[in-house]
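Asker: Show me how the following folds:
(2 chains)
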Amino acid sequence: MNGFEYTRAVDIVDAVRQIAADPAAKFIAGGTNLIDLMKENVTRPSRLIDITRLPLDKIEETTVGGLRIGALVPNSDLAYHPRIEARYPVLSSAILAGASQQLRNMASTGGNLLQRTRCLYFYDASTPCNKREPGSGCSAIGGINRMHAILGTSEHCIATHPSDMCVALAALDARVLVTGTSGQRSIAFDEFHRLPDDTPQIDTNLRADEIITAIELPPKGFAENYTYLKIRDRLSYAFALVSVAVGLDIEGDRIKDARLALGGVAHKPWRDREAEAQLSGASPTRESFAQAAETLLRDARGFGHNDFKIELARRAILRALGQAARGTPQSQADKRIK
Amino acid sequence: MAQPSSAARKSSEKRLTPAKMAVTLHVNGIERKLAISPWTTLVDALRLHLDLTGTKKGCDHGQCGACTVLVDGRRIYSCLTLAVMKDGAQVTTIEGLAQGNTLHPLQQAFIEHDALQCGYCTPGQICSAAGLIAEGKAGSADDIRELMSGNICRCGAYPNIVAAIEQVMFGKKETPGEAKR
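Answerer: This next block holds a predicted model:
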């Protein structure tokens, strides 16, 4: 780890002022990813600005019937919050599918959005990586790429976003509230993370002088028909090969509204509005689920070791849509997939 | 999220080492004052500065759980925690669980169930289990397995670890061999 200065932000204005004044500074909250990246010499901040004493740890009702989650709410507190469990169970489930309880106790809501890929080449400072060292090349293309993306890749980067929580937030149409030197703004979740294109070093559309203050959930939580299905190499404490968050609004024998987001397959939680539109108005049958999977994966492309993810994703989508339609969501303790 | 430019990197490396910072930790009920660098992790502060070597350093990357301690009653990884960020906090390590010569019920249960071989992961396992019990979210052996997944045991004593925790949580007295899925 490199030497750095350590300061504390006394309020949000002070935090923004400090980050704007030093382009090589970083905020630290839970630190679960940042400290690890610093130990690996992947990230070398000049200064860490401790934001953990800011008053951003509340979960509150919004005026339109949703919830506002403070950026410093720990992942475990969010997963177990009675209103999240009751109204947004897909979010609870996704959080509990990720990491370990120790990490969930440490990690913050805002930090979960800003965690970086676990691509082994990104972590290995001795190898070329366009995300770590722009222009140096991508070692995963043509390298060991079993964990890598099959959708939205570019010739510069095939890394995946590692979060489970973010897959549920994408499905729920959450918004990210941020504050910078020019004031506050709200970013649609789908617009927050970026695809790699030719700038894989930039993960998100958060500006250098901005801090995440909260996540807002709209009223609709899909509490009746949902699931978070995560497929991985071991049953717990492992990153997703493929994960699927589903929220269905079913009336009679018709799907009124469908949300389908995938993790482990792209540089950001992956949603496909065309696939969701096909489900809306359809009966919740295996045929309509298969059609949606076909649409979502139409441009999927493997890079050798991860070719299996295309078929795995297709089957996981079918299974997850079935779990949601039947009202039998995946348990995160009993790992049998039904 | 851009990486610092090479110019910024050089300037940060040339920066003078900051003065050590004063940090107060309440470790196992005792106030301990430290003067440490901001990059000192909590596990290093405990082991190297306070001579509390019960907490183990395994992977040092938040992947094994050997460094688990309780901070303000919650289990965390001390290897991914900067000590300076926990100024004023209550820290409980394996050394703080027993009451005098009376072992903590988890320590006693780990012995009774032979829940270890080499023992390196054991302080982390026991601190983690203490956190698990305080959280109150585990109601079955499946829950215990899932919520203890952040502690790796390379010797594979898992069935006995689950049995020991079940005994403390639910008063079960089964023999280790029966603690199966």
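
Asker: Pull the number of nearby residues for residue 78.
Answerer: All of this is about chain A. If you count neighbours by other CB atoms under 10 Å in any protein chain shown, residue A:78 ends up with 24. C-betas here are computed from N, CA, C, even on glycine.

Asker: wait, chain B
Answerer: 29.

Asker: Which residue, other than its chain neighbours, is closest to the residue nearest in space to the middle of chain B?
Answerer: Nearest residue to the geometric centre of chain B (CA atoms, centre = their mean): residue B:68, 1.1 Å. Closest residue in space to residue B:68, ignoring its immediate chain neighbours: residue B:124 at 4.0 Å, by CB to CB, 6 or more residues apart in numbering or on different chains.

Asker: before we move on, what SS does that neighbour have?
Answerer: helix (DSSP: H, G, I helix; E, B strand; the rest coil).

Asker: quick one on the thing from earlier: go ahead and confirm the residue nearest to the centre of chain B touches residue B:128.
Answerer: Yes: the pair residue B:68 / residue B:128 is scored as a contact, 4.6 Å apart, by CB atoms under 8 Å.

Asker: any shared contact partners between these two?
Answerer: A:102, B:75, B:150-151 (CB atoms under 8 Å, 6 or more residues apart in numbering or on different chains).

Asker: For those residues, which entry has the maximal number of neighbours?
Answerer: residue A:102 (30 neighbours).

Asker: Helix or strand: which one has it?
Answerer: helix A:101-106 (DSSP states H and E).

Asker: helices or strands up against that helix?
Answerer: Applying 3 or more CB pairs under 8 Å, 6 or more residues apart in numbering or on different chains; DSSP states H and E, one finds that helix A:101-106 contacts helix A:75-80, strand B:74-77, helix B:122-135.

Asker: For the helix or strand just after the shortest one, buried residues please.
Answerer: Right, the one you point to is strand B:74-77. As assigned by DSSP H and E, the chain's next helix or strand after strand B:74-77 is strand B:90-92. By 16 or more other CB atoms under 10 Å in any protein chain shown, the buried positions in strand B:90-92 come out as B:91-92.

Asker: ditto for stretch B:65-75
Answerer: For stretch B:65-75, by 16+ other CB under 10 Å, it's B:65-71, B:74-75.

Asker: do the same with stretch A:198-208
Answerer: Result for stretch A:198-208 [16+ other CB under 10 Å]: buried residues A:199-201, A:203-204, A:206.

Asker: Count the residues that sit near the spatially closest residue to residue A:232 that is not a sequence neighbour.
Answerer: Once flanking residues are discounted, residue A:232 sits nearest to residue A:238: 4.2 Å by CB to CB, 6+ apart. By other CB under 10 Å, the residues close to residue A:238 number 15.

Asker: what's the neighbour count on the residue in the stretch 101-250 of chain A positioned nearest to chain B?
Answerer: Residue nearest to chain B within the stretch 101-250 of chain A (CB to the nearest CB): residue A:236, separated by 3.6 Å. Counted with other CB under 10 Å, residues neighbouring residue A:236 total 20.

Asker: quick one: pLDDT of the closest residue to residue A:279 other than its chain neighbours?
Answerer: Of all residues not flanking residue A:279 in the chain, residue A:258 sits nearest, at 3.6 Å (CB to CB, 6+ apart). In this model, residue A:258 is scored at 98, pLDDT.

Asker: quick one on the thing from earlier: list the residues that contact the residue nearest to the centre of chain B.
Answerer: Residues counted as contacts of residue B:68 (CB under 8 Å, 6+ apart) are A:102, B:55, B:75-78, B:123-125, B:127-128, B:131, B:150-151.

Asker: Show me what from the stretch 51-200 of chain A comes close to chain B.
Answerer: For the stretch 51-200 of chain A, the residues in contact with chain B (CB under 8 Å from any CB of the partner chain) are A:52, A:76, A:80, A:99-103, A:105-106, A:114, A:116, A:132-133.

Asker: that older thread, Throw the contacts of residue B:68 into CSV and include pLDDT and distance to residue A:296, thanks.
Answerer: Output for those, formatted as CSV (pLDDT from 0 to 100; distance: CB to CB, whole Å):
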residue, pLDDT, distance to residue A:296
A:102, 98, 34
B:55, 98, 46
B:75, 98, 38
B:76, 98, 38
B:77, 98, 36
B:78, 98, 42
B:123, 98, 46
B:124, 98, 41
B:125, 98, 41
B:127, 99, 43
B:128, 99, 38
B:131, 98, 39
B:150, 98, 32
B:151, 98, 37
